[in-house]
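Trainee: next input, structure requested:
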Amino acid sequence: MAAPEQQGTIDWLFVQVCRLHYIRAHAVLEEIGLYRGQPPVLFHLQNQDGLSHSELGQRLQVSPATVTKMIQRMEKAGFVQRQPDADDQRVSRVYLTEAGRAIHVEVIKRYQLIESEAFAGFSSEDETTMRRLLSQMRENLRKVVDESPSA
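Mentor: Got it, this is the predicted structure:
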């Protein structure tokens with residue numbers, strides 16, 4: 001539990017919201033057989049099917065080992081399939097299957113559910129303001145991270 005002086009700070013509240021969102025997202029994704037890190041793979045492949053492991057890793061900002069493990073799990077579940085690159089047999093390309101396309105649609109519905117749960121009781125103006133403020137926070141932190149040599 002946070003120290004009393006931390007409770008109620010914006011930082012503490014933000015961490016709590018992120019934690020609860022993570023827990024809720026994990027639960028709704030588990031219901032459909034997905035792990036928390038897999039939806040971004042679906043989204044990237046839906047946007048551009050046939051990405052290589054390396055391209056996925058760059059877009060997801062994860063290690064090659066993490067990409068390999070995610071793809072293996074998703075392939076076993078029938079959501080993706082790997083095929084050798086036509087020009088370079090050493091490169092494996094990842095494609096969504098029909099099941100992967102269907103689960104992508106379901107993931108969007110699940111995320112919309114979580115968002116509606118999180119914004120329950122908010123006016124449309126409040127929601128718009130929240131989106132604007134979070135976008136500004138993201139940009140502020142992105143600048144700091146991009147300028148930091150240790151990031």
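Trainee: separation between the residue most central in space within the chain and M74?
Mentor: The centroid of the chain falls nearest to P40 when counting by C-alpha atoms, centre = their mean (4.4 Å). For P40, the distance to M74 (C-beta to C-beta, to the nearest Å) stands at 11 Å. The way it works is simple: take the backbone N, C-alpha and C, and place the C-beta from them, glycine included.
Trainee: so who does the residue nearest to the centre of the chain touch?
Mentor: Counting by C-beta atoms under 8 Å, 6 or more residues apart in numbering, P40 touches R59, L60.
Trainee: next helix or strand past whichever strand or helix holds it?
Mentor: For P40, the enclosing helix or strand under DSSP states H and E is helix 39-47. Next helix or strand after helix 39-47 toward the C-terminus (DSSP H and E): strand 51-52.
Trainee: for the residue lying closest to R73 once chain neighbours are set aside, helix, strand, or coil?
Mentor: Once flanking residues are discounted, R73 sits nearest to Y35: 6.8 Å by C-beta to C-beta, 6 or more residues apart in numbering. Following DSSP: H, G, I helix; E, B strand; the rest coil, Y35 is assigned to coil.
Trainee: give the buried residues for the helix holding P40.
Mentor: Applying a neighbour-count criterion of 16 or more other C-beta atoms under 10 Å, the buried positions in helix 39-47 are P39, P40, V41, L42, H44, L45.
Trainee: and for stretch 78-91?
Mentor: Neighbour-count burial for stretch 78-91 flags F79, V80 (criterion: 16+ other C-beta under 10 Å).
Trainee: try stretch 101-115
Mentor: Neighbour counts over stretch 101-115 (16+ other C-beta under 10 Å) mark I103, H104, E106, V107, R110 as buried.
Trainee: and those residues, which of them are in helices?
Mentor: Among the buried residues of stretch 101-115, the members falling in helices (DSSP state H) are I103, H104, E106, V107, R110.
Trainee: make JSON lines out of those residues and add distance to R90 and pLDDT.
Mentor: Compiled in JSON lines, those are given as follows (distance: C-beta to C-beta, whole Å; pLDDT from 0 to 100):
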{"residue": "I103", "distance to R90": "29", "pLDDT": "97"}
{"residue": "H104", "distance to R90": "28", "pLDDT": "97"}
{"residue": "E106", "distance to R90": "34", "pLDDT": "96"}
{"residue": "V107", "distance to R90": "31", "pLDDT": "97"}
{"residue": "R110", "distance to R90": "36", "pLDDT": "97"}
